[in-house]
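> Below is the sequence, then the predicted model.
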Amino acid sequence: MTIRLGLPDVGAEEAAAVAEVLASGHLTMGPKVGEFECEIAGAVGVPYAVAVANGTAALHLAAMALQLGPGDEVIVPAYTFPATANAVALVGATPVLVDVDPATMNLDIEAVYRAVTPRTKAVLAVHLFGNPVDWEALASAVPPEVQLLEDAAGALGATWRGMQCGSLGVLGCFSFHPRKTVTTGEGGAVTTHSEELDAALRRFRHHGIDMAKADIPQPSTNYRLSDIQCAIGIPQMRRLPELLAMRRRIAAGYTERLAELEAAGKVVVPRAAEGDVHGYQAYVIQIDNRDEALTTLRAEGIEVQIGTYAVNLMTAYKEQGSRPGAEAVFRRALALPLHSQLTDDDLDRVVAGVARFV
């Protein structure tokens, strides 16, 4: 029997919410959008949240709202989903790929410090797989005028020193893809403490139109999220503590089962720093024989996946050269199945499968 990599935790409540929207006739930009945004803002601990079409749209709109463009440099981690770098490139700015710490898979803070130039306008830091970046260390590595943004696509519910990821930077970007803790199918959001940035995000979400003046000061595109999708997201957000607890229970089960292999130095398991809380959007280990394990376990019906990408190895960015930490993690990272339907027997089977390759 196949053990799925991910499985959205949706059911009757989400189905009823969708049926209610279909009956109302308000299928897009109706009341459910604002309701969903309030749920997000409340969970993240910020006054403003803007729902958008997907996590990539959130990143793109964040770059637009900060008026990043040609001549500007934005530091991004070399090990991340390519959307992080692409969003910077799409506004004409230059994504500067900075290496990661192989232990955390997050930005190497010393490398960030070395990468700053007079053209550096922002850092787009990723809380990778839900593991919070050391925000104080990051802030100390750059001049105060450099804007700090969060790619919190997988970090809903994760906390750094008691503060929610998505509330730390000037803007926080979330994804509601089916593998995320909360899903709307496709969807995303941008969170902020700034009323001005909130207004800009809402304009850019809707073609750049200033509704009060019936004008377009700066062109944009359509990144709206439908009421149908928000109707799915509202009960999901209200269940966030339950969904997070489930993920942490599964993660703890993996960590317990992998303890001997970790102690022997054969496996690196994901952990947040002391005092922080991991969101466990994914449970990503590191092993030497990753490719062999990936191929064999998939053939045996265990859906595993690479962690994410070494962006500097991609054609669009390879001129930036080698990033040893990112490349090492890219070769070794293996995402294990993580969803609410996993049983103890499933965890035993997954870990037994991994153990054969270490």
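Thanks, I have it.

> could you pull out the helices for the stretch 101-250 of the chain?
For the stretch 101-250 of the chain, applying DSSP state H, counting those that start in this stretch gives helices covering 109-115, 135-140, 195-205, 227-238, 240-257.

> looking at these, which is closest to residue 93?
Closest approach to residue 93 among these is made by helix 109-115 (14.2 Å; Cβ to Cβ). Where C-beta positions appear, they are placed from N, C-alpha and C, glycine not excepted.

> Can you name every helix or strand that that closest one contacts?
Judged by 3 or more Cβ pairs under 8 Å, 6 or more residues apart in numbering; DSSP states H and E, the packing partners of helix 109-115 are strand 94-98, helix 135-140.

> List the contacts of the last one.
If you take Cβ atoms under 8 Å, 6 or more residues apart in numbering as the criterion, helix 135-140 is touched by 107, 109, 112, 123, 125, 148, 160, 161, 163, 168, 169.

> taking the mean pLDDT, what do you get for that helix?
In this model, helix 135-140 carries a mean pLDDT of 98.

> And for stretch 216-223?
Throughout stretch 216-223, pLDDT has a mean value of 96.

> quick one, what contacts the residue nearest to residue 220 when sequence neighbours are not counted?
Leaving aside its chain neighbours, residue 220 sits nearest to residue 208 (3.6 Å; criterion: Cβ to Cβ, 6 or more residues apart in numbering). For residue 208, the contact set (Cβ under 8 Å, 6+ apart) comprises 216, 217, 218, 219, 220.

> sorry, back to before: of the helices of the stretch 101-250 of the chain, which is nearest residue 31?
helix 227-238 (7.4 Å).

> got the buried residues for the closest one?
For helix 227-238, the neighbour count (16 or more other Cβ atoms under 10 Å) marks 227, 228, 229, 230, 231, 232, 233, 234, 235, 236, 237 as buried.

> Residue 186: how many residues sit nearby?
17 (other Cβ atoms under 10 Å).

> and the gap between it and residue 176?
Look at residue 186 and residue 176: by Cβ to Cβ, to the nearest Å, they are 7 Å apart.

> got any residues that touch both of these two?
Common neighbours of residue 186 and residue 176 (criterion: Cβ under 8 Å, 6+ apart): 54, 229.

> Spatially central residue for this protein, please.
Geometric centre of the chain, nearest residue: residue 153, 1.9 Å, by Cα atoms, centre = their mean.

> how about the nearest residue to that residue, chain neighbours excluded?
Nearest one to residue 153, counting by Cβ to Cβ, 6+ apart, is residue 175 at 3.9 Å.

> do you know how far that neighbour is from residue 158?
Using Cβ to Cβ, residue 175 is found at 13 Å from residue 158.

> what's the answer for residue 61, then?
Taking Cβ to Cβ, one finds residue 61 at 22 Å from residue 158.

> Kindly report the same for residue 177.
16 Å.

> of these two, who's got more company?
residue 158 (25 against 21).

> Distance from the chain centre to stretch 76-93, please.
13 Å (Cα atoms, centre = their mean, to the nearest Å).

> same question, stretch 51-63
Relative to its chain's centre, stretch 51-63 lies at 12 Å (Cα atoms, centre = their mean).

> Quick check: mean pLDDT of that stretch?
98.

> Now do residue 29, the pLDDT please.
Predicted confidence (pLDDT) for residue 29: 89.

> And for the protein, the residue most distant from the center?
residue 213 (34.9 Å).

> Now it: phi and psi?
The phi/psi pair for residue 213 (degrees, to the nearest 10) reads phi -110, psi 0.

> hey, which strand is longest across the protein?
In terms of residue count, the longest strand belonging to the chain (DSSP state E) is strand 120-126.

> Strands along the chain, start to end?
Here the chain has its strands, by DSSP E, at 48-52, 73-77, 79-80, 94-98, 120-126, 147-151, 159-160, 163-164, 171-175, 188-192, 283-286, 305-306, 309-310, 333-336.
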